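Asks: Below are the sequence and a predicted model; questions follow.
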Amino acid sequence: MTSPATDSLRVGELRPSQLLHTYGVGAVTDLPNLSTMVMGLDDWDPVRARVLTEDRLLAAVRRRLGGQVAALRTPPHLPENPADPYGDWTRTGVPVGLFPRWLRCSRERCNQLAPASGGLFQLRPNLYRPEKTKYVHVNCGGAGKGQPTALPARFLVACPDGHMDDFPWVYFVHRGASSCEGHTLSLTESGTTGEAANVFVRCTCGVPPRSMADALGQAGERNLPACRGHHPHLGTFTPGCSEHARTMVLGATNSWFASQLRVFSIPRAEEPLTQAVREHWSLLSPLAAVPADAAKMLLPTQACWPELEQYGTDAVWAAVTREAQAAAGDQVGEDEEFDLITPEWRAFTHPRDHSLPDFTTVRERQVPDGTTDWLDSVVLVHRLREVSALTGFTRIEAPEWLPEEEGRTRSGAMLSRSPSTWVPCAELRGEGVFLALNEQQLAEWELEDSVRAREEVLKSAHLDWCMARRVEPRWPGIRYVLLHTLAHVLIRQFALECGYGASGIAERIYARSGPDPMSGILLYTAAPDSEGTLGGLVSLGRGERLGPAITQALEEARLCSSDPMCAEHDPRVHARLHGAACHACLFAAETSCERGNHYLDRALLVETLADDKCAFRP
């Protein structure tokens, strides 16, 4: 990573996937001695950012952000084996800026608090070990020798509209009054707990010290100034922000939530060359209008040529010609074009096996013993490719993950000052197991009176939850809650047997009632390595292992260590989005769940201590 300034220098490293899931645009990154914020896309240099081809995802991104988005790009990467280990290439990376900009001297008897730009602190770069770059207090008056490290201030302010700012230290300690001239602030702690009530802001002007407890909760809203509408990653201010600024601790998990779109690369043809041409059709389609001889000369100049070269120029040109003729008579409806879920469902439930570099599936001939009455099919996904794009972010509260075919998520904060022509993305390769449930059995279960009564309870809590957050209520359906619960139950059991941690197994739920129903789950694991994963999850999907795993998972779900409190939980009491579910039985890691541990209920899947009437698997 680098700073966007002209004299940029490396200050640390991040994995490309972290720039989408943990430390994306607008997120605060904690380095050993620095705290920085990833800047907006206006400051990025896309020269070393590789373009990824995934037309379905690009179309969905354009729908959400506007038609100006022309490309999906990976984060800038460094060259392999550079000739000059300290040349200009070291300035290639993701631009960051110092944030928060207030620092505190780490020497115990000093604790002076001041902005980094005030001259009190100086930057000490380390070219050989960039992660050791730090600020120091050059003229520290505290006891001790040397120049102590200046650490980032512990507190920030943010608002639900995505704004973030330095904590107003001067305003806070002076209780909103006019600040004194030539003041010196310090941030001290008493006791050993580190809680906010024991952290005090002091000023040398003599005003009484103030505890940071006054800046938290409802008291904090009264004691802090109005939000300035600051976007540090863009360097802009939005005047007139109506939200209250809230205090948060540096490194808090609710300081940044990614708003993403994800798709799997699915087959567009059974023949590999046709599949490759269709994947890169956005690059190849302009050549269809060029004379054949000239087009063949231009083919090797295309960015996708390394993937097509193995087939030969003549074969590729013939495939391009066929595709152009087919595209001329094929008009895709807008709804079908932007539906990310249905094409994947059709690919996984296709009766034929697929054998493509990014999508290899084998359909099991029989479902495991004991599941024939409710499980329709099992598909082993030996290879898959997931591409995700960052479209924005939120603070304080996570974006509402609505089904893609029903609408867009909350837009959140923007990634750039001006409309961007590209968005950062990442690709992962891995494996998985796809389970399709029996549609007739599931449809009959949905019509049972006990199930409908349970759905009304969950829908009532869902409505209250949405009204409290001023979001449009979109109930995903009782079918979704059942499939989502089944996915979480299996994730816990699979993690015990397949060799992957529970946080490394993700889910994709395919749930829809009506004339074109869907009822399936995909449990998968993926990694940024080009070869994907090791096959442990696929091996667990085979009948001799899957049957016992499902049986054990359902048996474990009947009883929770927090019962009867968990089983008797009423979601309407505190407007929760889950029924009988908690950390002890169903909740999964943030990397695993597509809904943030919402829409879960053991009572819909198995009999519990409090409900034995609406279980799908009694």
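Replies: Alright, I've got the coordinates. None of these values were measured; they are calculated from a predicted model. Numbering: from 1, shown residues only.
Asks: if we look at stretch 239-247, which residues are touching it?
Replies: 155-161, 163, 165, 167, 212, 215-216, 220-221, 224-229, 396 (C-beta atoms under 8 Å, 6 or more residues apart in numbering). The way it works is simple: take the backbone N, C-alpha and C, and place the C-beta from them, glycine included.
Asks: The same query, at a cut-off of 6 Å, please.
Replies: Among residues not part of stretch 239-247, those counted as contacts by C-beta atoms under 6 Å, 6 or more residues apart in numbering are 155, 157, 159, 160, 161, 215, 216, 220, 221, 224, 227, 229.
Asks: Out of the residues you listed, which is nearest to residue 181?
Replies: residue 224 (23.1 Å; C-beta to C-beta).
Asks: Tell me how many other residues crowd the closest residue to that closest one other than its chain neighbours.
Replies: Nearest residue to residue 224, sequence neighbours excluded (C-beta to C-beta, 6 or more residues apart in numbering): residue 245, at 5.1 Å. Around residue 245 sit 25 other residues, with neighbours defined as other C-beta atoms under 10 Å.
Asks: ok, now how distant is residue 245 from residue 187?
Replies: 19 Å (C-beta to C-beta, to the nearest Å).
Asks: next one: residue 66
Replies: 43 Å.
Asks: Looking at the two now, which is surrounded by more residues?
Replies: Applying other C-beta under 10 Å to residue 66 and residue 187 shows that residue 187 carries more neighbours, namely 22 against 10.
Asks: tell me the mean pLDDT over the host helix or strand of the more buried one?
Replies: Using DSSP states H and E, residue 187 sits within strand 185-189. Mean pLDDT, strand 185-189: 90.
Asks: Tell me which residues of that strand come out buried.
Replies: 185, 186, 187, 188 (16 or more other C-beta atoms under 10 Å).
Asks: Give me the buried positions along the helix or strand following that strand.
Replies: Sequence order places strand 199-203 as the next helix or strand after strand 185-189, per DSSP H and E. By neighbour count with 16+ other C-beta under 10 Å, strand 199-203 contains the buried residues 199, 200, 201, 202, 203.
Asks: ok, residues contacting strand 199-203?
Replies: Strand 199-203 is contacted by residues 173, 183, 185, 186, 187, 188, 189, 209, 210, 211, 212 when judged by C-beta under 6 Å, 6+ apart.
Asks: where does the closest residue to the third one other than its chain neighbours land in three-state SS?
Replies: Think residue 185. In this structure, residue 185 finds its nearest non-sequential neighbour in residue 113, 4.2 Å apart by C-beta to C-beta, 6+ apart. Put simply, residue 113 is strand when judged by DSSP: H, G, I helix; E, B strand; the rest coil.
Asks: And what about residue 539, helix, strand or coil?
Replies: Of the three states, residue 539 takes helix according to three-state DSSP.
Asks: if I pick residue 164, what's in contact with it?
Replies: Contacts of residue 164 (C-beta under 6 Å, 6+ apart): 158, 232.
Asks: partners of it in the sheet?
Replies: residue 158 (DSSP bridges).
Asks: For the stretch 1-150 of the chain, which segments count as strands?
Replies: For the stretch 1-150 of the chain, the strands defined by DSSP state E, counting those that start in this stretch cover 28-30, 35-38, 51-52, 71-73, 96-98, 102-105, 112-115, 121-124, 134-137, 149-152.
Asks: Lowest average pLDDT across those strands?
Replies: strand 51-52 (a mean of 86).
Asks: residues in contact with the one helix or strand residue 347 maps to?
Replies: Secondary structure from DSSP H and E places residue 347 in helix 341-348. Helix 341-348 is contacted from outside by 264, 266, 267, 379, 405, 434, 510, 518, using C-beta under 6 Å, 6+ apart.
Asks: Which one (most neighbours) among these?
Replies: Among the contacts of helix 341-348, the one with the most neighbours (other C-beta under 10 Å) is residue 434, at 26 neighbours.
Asks: Now for it: which residues touch it?
Replies: Taking C-beta under 6 Å, 6+ apart as the criterion, residue 434 is in contact with 348, 379, 381, 522.
Asks: Go through the protein and flag its longest strand.
Replies: Longest strand in the chain, counting residues (DSSP state E): strand 375-394.
Asks: That one - what's its average pLDDT?
Replies: Rounded mean pLDDT across strand 375-394 is 93.
Asks: How about stretch 412-424?
Replies: 88.
Asks: for stretch 465-480, same thing?
Replies: 88.
Asks: Kindly check the end-to-end length of it for me.
Replies: In terms of C-alpha to C-alpha, to the nearest Å, the two terminal residues of stretch 465-480 are separated by 18 Å.
Asks: For it, buried residues please.
Replies: Quick answer for stretch 465-480 (16+ other C-beta under 10 Å): 465, 466, 476, 477, 478, 479, 480.
Asks: Could you give the number of residues near residue 64?
Replies: A count of nearby residues for residue 64, using other C-beta under 10 Å, gives 18.
Asks: Would you check that it makes contact with residue 389?
Replies: No: the pair residue 64 / residue 389 is not scored as a contact, 9.3 Å apart, by C-beta atoms under 6 Å.
Asks: Look up the closest residue to residue 57, ignoring the ones flanking it.
Replies: Of all residues not flanking residue 57 in the chain, residue 263 sits nearest, at 4.6 Å (C-beta to C-beta, 6+ apart).
Asks: tell me the SS of the one you found?
Replies: Strictly by three-state DSSP, residue 263 counts as strand.
Asks: Make sure it is actually in contact with residue 340.
Replies: Yes: at 5.3 Å, residue 263 counts as touching residue 340 under the criterion of C-beta under 6 Å.
Asks: mind checking which helix or strand of the protein has the lowest mean pLDDT?
Replies: helix 334-338 (a mean of 47; mean pLDDT, DSSP states H and E).
Asks: what stretches of the stretch 1-150 of the chain score poorly on pLDDT?
Replies: 1-7, 77-92, 141-144 (pLDDT under 70).
Asks: show me where the stretch 351-500 of the chain has helices.
Replies: 439-446, 449-468, 478-497 (DSSP state H, counting those that start in this stretch).
Asks: Which among those helices is found nearest to residue 603?
Replies: helix 449-468 (6.5 Å).
Asks: ok, and what's touching the closest one?
Replies: Taking C-beta under 6 Å, 6+ apart as the rule, helix 449-468 contacts 473, 475, 478, 571, 572, 575, 576, 577, 613, 614.
Asks: picking that back up, which ones among the contacts of stretch 239-247 map onto helices?
Replies: In helices, judged by DSSP state H, the following of those are found: 220, 221.
Asks: other SSEs contacting the strand holding residue 187?
Replies: strand 112-115, strand 199-203 (3 or more C-beta pairs under 6 Å, 6 or more residues apart in numbering; DSSP states H and E).
Asks: got the angle for it vs strand 199-203?
Replies: Orientation note: strand 185-189 sits at an angle of 150 degrees relative to strand 199-203 (axes from the mean of the first three to the mean of the last three C-alpha atoms, to 10 degrees).
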